[in-house]
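# give the three-dimensional model of this entry:
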Amino acid sequence: MSDAPPGPVALLPVDGVGEVTEGADLAGLVVGAIGLQDGDVLVVTSKVVSKAEGRVRTGARDDAVVEETDRTIARRGRTAIVRTRHGLVIAAAGVDESNTEPGSVVLLPLDPDASARRLREQIRRTTGINVAVLVTDTAGRAWRHGQTDIAIGAAGMDVLQDHAGRHDPYGNELAVTAPAVADELAAAAELVKGKLGRRPAAVVRGLAALVLPTGRHGPGAVALVREEGQDMFGLGAREAVLEALHEVDRRGFGSACPSAELVQHLSRLTDPDDLRAEGPARVTVRLVGTDRQQGATAARLRAAAFACGWQADPATDEPLVSFRPGTP
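Numbers count the residues shown, from 1 in each chain. Take a look at the predicted model:
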């Protein structure tokens, strides 16, 4: 994509799609509701995609959330933030009971990227028009109130614009700047879709430079999902403490930290003179004091090491305790 700023951008609501049911020709409904142009970005809410794909279930919402959850990140009362099997970290696994028949819930699409590709290809086959397609859902943001739409499926565009290596107007080299352009477009399109207007889609026009040629779908929205080992917020504060004490599930703590960093953390719990890093994959601690004192110190050290991605080596002879990097 060129560094030159784009020209005017228009957000166009798609009216007249109507109620979508299982097996509906979603591409045909959209094409019949608005005149698409080459280079448009079609933004479709995941709910109508799910309805067309038969992802509506009857029964309790809580049961559906459990079925769709890969791992619970945090829970406060009835609110659960979970990681879905897609890798999305989202409230209630994206299970929704609004805008659907009472007693039923709508699940996220099984493969939102595949859904976006199918929709794009169907539009191309029936109209000859080349568009990009985003499938979106609503999500909250850590540290901020309110929600915004994000892209959970994408086809026909690069979802990230990597600016690493470029320079700003002052000559400073950009190192980690990578706008999530798919999420930006998802949020912008929500301004004209709305939550209560029964507009399940919108078109972003004026950004044709983002749309890939026919046959190239791009990496999909899965490229926006942070790898679990690199997630610095893989658990809520309470959950992280409890999991470290239980030493059951290592997922959520990220990849193992370097041995020097582990020594730094453990030195807050015991005398630094009793700590030793024996290379990158082994840290030992000499326990001192009475048996009771040694047991209490060992328990604190084990919890801290677990939180840092390390685990105790049961073969170590007391009064030494040894740690090695663990595998989630």
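# tally up the residues packed near R292, please.
8 (other Cβ atoms under 10 Å). Yep, even glycine has a C-beta here, placed from its N, CA and C like the rest.
# please tell me how far the residue of the chain most remote from its centre sits from P319.
Computed with Cα atoms, centre = their mean, the residue of the chain farthest from its C-alpha average is T290, at 47.2 Å. Using Cβ to Cβ, to the nearest Å, one gets 11 Å for the distance from T290 to P319.
# okay, buried residues for the helix or strand hosting H265 please.
Per DSSP states H and E: H265 is located in helix 259-266. Across helix 259-266, burial judged by 16 or more other Cβ atoms under 10 Å covers 259, 262-263, 266.
# rebuild the residues you listed as a markdown table, extending it with pLDDT.
Below are the buried residues of helix 259-266 laid out as a markdown table (pLDDT from 0 to 100):
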| residue | pLDDT |
| --- | --- |
| S259 | 95 |
| L262 | 96 |
| V263 | 96 |
| L266 | 96 |
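# tabulate those residues (a markdown table), appending distance to P200.
Below are the buried residues of helix 259-266 laid out as a markdown table (distance: Cβ to Cβ, whole Å):
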| residue | distance to P200 |
| --- | --- |
| S259 | 52 |
| L262 | 50 |
| V263 | 54 |
| L266 | 53 |
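# pull the contacting residues for R302.
Applying Cβ atoms under 8 Å, 6 or more residues apart in numbering, we find R302 in contact with 247, 312, 321.
# does the second one touch G326 like I think?
No - contact criterion Cβ atoms under 8 Å: A312 and G326 do not qualify, at 9.4 Å.
# domain map for this protein?
10-55+109-225, 237-325 (automatic domain parsing).
# and V56, how many neighbours?
16.
# that one contacts V105, doesn't it?
Yes - between V56 and V105 there is a contact at 7.3 Å, judged by Cβ under 8 Å.
# so of the domains of the chain, which one's packed in deepest?
Using mean count of other Cβ atoms under 10 Å, the stretch among these with the greatest mean number of neighbours is domain 10-55+109-225 (a mean of 18).
# and the pLDDT at P328?
For P328, the pLDDT comes out at 59.
# secondary structure element holding R276?
strand 275-277.
# neighbouring strands of the following helix or strand past that strand in the sheet, and parallel or not?
Where DSSP H and E defines the elements, the next helix or strand beyond strand 275-277 is strand 283-286. According to DSSP bridges, strand 283-286 has the following sheet partners: strand 275-277 (antiparallel), strand 320-325 (antiparallel).
# all set, thanks.
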